[in-house]
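J.: what's the 3D shape of this:
(one chain, ligands or ions: 1)
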Amino acid sequence: MPKDTLTITDNRTGKTYEVPVENGCIRTNALRQIKVADDDFGLMGYDPAFLNTANCKSAITFIDGDKGILEYRGYPIEQLAEKSSYLEVAYLLLNGELPTPKELDNFVHLVTHHTYVHENVKSFMDGFRYDAHPMSVLGSTVAALSSFYPEAKYTKDEQSRRIQITRLIAKMPTIAAFSYRHLMGLPYIYPDNDLSYVANFLAMVKRVGTATYKVHPVLERALDVLFILHADHEQNCSTTSVRTVGSSEVDPYSAVTAGIGALYGPLHGGANEAVLRMLREIGHISKVPDFIKSVKSGEGEKKLMGFGHRVYKSYDPRAKVIKRVADEVFDVTGKNPLLELAVELERIALQDDYFVKRKLYPNVDFYSGLIYEAMGFQAEMFPVLFAIPRTVGWCAQWEEMVLDSEQKIARPRQIYTGQKRRDYVAMDKRAAK
Ligand code: SDX
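T.: Next up, the predicted model:
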């Protein structure tokens, strides 16, 4: 009967060790017993960027990168995008089960009645330059929220955790809308409790000179679906940042701020903004072959933004849904002229060996920006439109980390490659370099 163990022979000593295999993994700490001498620290695992390292057990989101599968709490993303709403998915991610009608009503009511921010937030935001990127405004303002809710540091208290999570989900659209209005030089629009989560966000962004703002139902539903698609994605860079910072037992606002910072990067959530700038740089469909050639030649480390993924080695299932949403949006807004360019870029890339060999397919960011632009958002807002829905994923993962008895403060080891021990050199003894 095969045993769930690994037998390791250390050829340096001839000793063998038996290490248990659990969930397809070995505990890297089990390698510490492998030594060449009693005072040896023992073996470590070395895995820069965590290419092959699980840092947690999680029951929230499942991804199969080869099959292009994404499930939230076991529900396929395609079904949730078709049948659910963002706040229902938020409830699912946080609580593990779909809500009953009453549970959903209560959750929506709770979120709706926490959308306001303290009036001091406005004066805080007014301190930013007129052209401040809304992602930096968002991150700074969310960080500041921890000063408004000092009780948030009691992370072991379930009631405190849940009210802070509700505040984060509820206030993210308000702060995002305020950061957009600041960028546009427009007055802030306060939340309207009579509107849905998405309609309220669009009204706070778009309302100018009228007492109310009528949101087109197709655009409202399209953004709701996009929010569902962006809600969580297991241990991506920003979620890992939230878990890592949260492991010091800091409040969730400070932990989520770390996630916003990571998401801002062009290799992560900032890719949707980078895709649009790339398409504008290409400019015309006739320029696509030359651009593809420049990417393949590694010229200026140019990448095909919106392509590739650490986990998906097949089409990102979210990108498939986004393409359908794009058609519905463009029926209302008119086609984004860059769509033709994006489709041609995808067509050529998917038949080019460079991309096929590296299993580079369109990811969630490739088409989303085209929709946001068609909805009238500036490119700077695209990563903000990613951060709003990802807030519930960050919060669900943060709370799972807080409640995981195996977790403790994250503190990795290193391989030291610096100078050997040496003595201080007096100033008059130092040779010019
Ligand atoms: C998101 O992790 C998540 O789940 C993230 C996310 C989420 O929901 O949270 O899904 C959201 O961040 C999606 C990804 C958005 N980023 C981009 O679209 C930026 C462009 N993509 C690349 O930077 C890249 O594909 C990454 C960052 C997404 C993944 O990088 P990896 O896994 O570290 O892959 P790699 O850089 O090691 O690339 C492997 C090879 C390299 O070539 P070789 O060294 O083998 O010659 O593929 C090449 C890379 O140069 N490559 C690309 C490429 N992506 C990888 N070449 C051209 N264009 C690209 N986009």
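
J.: Distance of whichever residue of the stretch 301-433 of the chain sits closest to the ligand relative to residue 360?
T.: Nearest residue of the stretch 301-433 of the chain to the ligand: residue 308, at 2.3 Å (CB to the nearest ligand atom). Bear in mind the C-beta positions are built from the backbone N, C-alpha and C, glycine included. Distance of residue 308 to residue 360, given as CB to CB, to the nearest Å: 4 Å.

J.: so residue 8, which of the three states?
T.: strand (DSSP: H, G, I helix; E, B strand; the rest coil).

J.: Using the three-state scheme, assign the nearest residue to it once chain neighbours are set aside.
T.: Leaving aside its chain neighbours, residue 8 sits nearest to residue 17 (4.7 Å; criterion: CB to CB, 6 or more residues apart in numbering). Secondary structure assignment for residue 17 (three-state DSSP): strand.

J.: Could I get the pLDDT score of residue 17?
T.: The model reports residue 17 with a pLDDT of 98.

J.: That one: neighbour count?
T.: A count of nearby residues for residue 17, using other CB atoms under 10 Å, gives 15.

J.: how about the residues of this structure near the ligand?
T.: Listed as neighbours of the ligand in the chain under the rule CB under 6 Å from any ligand atom: 233, 236, 267-269, 271, 295, 303-311, 358, 360, 363-365.

J.: Now, the residues you listed that are in helices?
T.: Among the residues of the chain next to the ligand, the residues falling in helices (DSSP state H) are 271, 295, 364-365.

J.: Mind giving me the PyMOL command for buried ones among these?
T.: The PyMOL selection below is limited to those of these classed as buried (16 or more other CB atoms under 10 Å):
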select buried, resi 271+295+364+365
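
J.: Show the buried residues in the residues of the chain next to the ligand.
T.: Using 16+ other CB under 10 Å, the buried members of the residues of the chain next to the ligand are 233, 236, 268-269, 271, 295, 303-309, 360, 363-365.

J.: need the contact list for residue 112.
T.: Residue 112 is in contact with 170, 193, 197, 200, counting by CB atoms under 8 Å, 6 or more residues apart in numbering.

J.: give the contact list for the first one.
T.: Put plainly, it is residue 170. 110-115 are the contacts of residue 170 under CB under 8 Å, 6+ apart.

J.: Buried among these? Need that as a selection in ChimeraX.
T.: In ChimeraX, a selection of the buried entries from these looks like this (16+ other CB under 10 Å):
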select :110,111,112,114,115
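
J.: Next, format the contacts of residue 170 as CSV and append distance to residue 121 and secondary structure.
T.: Shown next, in CSV, are the contacts of residue 170 (distance: CB to CB, whole Å; DSSP: H, G, I helix; E, B strand; the rest coil):
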residue, distance to residue 121, secondary structure
110, 20, helix
111, 18, helix
112, 18, helix
113, 17, coil
114, 13, coil
115, 12, coil
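
J.: Save the contacts of residue 170 as TSV, and put in distance to residue 343 too.
T.: TSV is the format used below for the contacts of residue 170 (distance: CB to CB, whole Å):
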residue	distance to residue 343
110	42
111	37
112	39
113	43
114	41
115	37
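
J.: Return the closest of the contacts of residue 170 with respect to the ligand.
T.: residue 111 (22.1 Å).

J.: now, which of the contacts of residue 112 sits nearest residue 181?
T.: Residue 181 has its nearest neighbour among the contacts of residue 112 in residue 200, at 14.0 Å by CB to CB.

J.: Would you mind measuring from the closest one to residue 172?
T.: In terms of CB to CB, residue 200 sits 12 Å off from residue 172.

J.: immediately after the longest helix anywhere in the chain, which helix or strand?
T.: The longest helix of the chain (DSSP H) is helix 158-184. Reading on from helix 158-184 to the C-terminus, the next helix or strand found by DSSP states H and E is helix 197-206.

J.: What mean pLDDT does that next one get?
T.: Rounded mean pLDDT across helix 197-206 is 98.

J.: Ok, stretch 162-176 next?
T.: Mean predicted lDDT for stretch 162-176 stands at 98.

J.: What are the buried residues along that stretch?
T.: Buried, per 16+ other CB under 10 Å, within stretch 162-176: 163-176.
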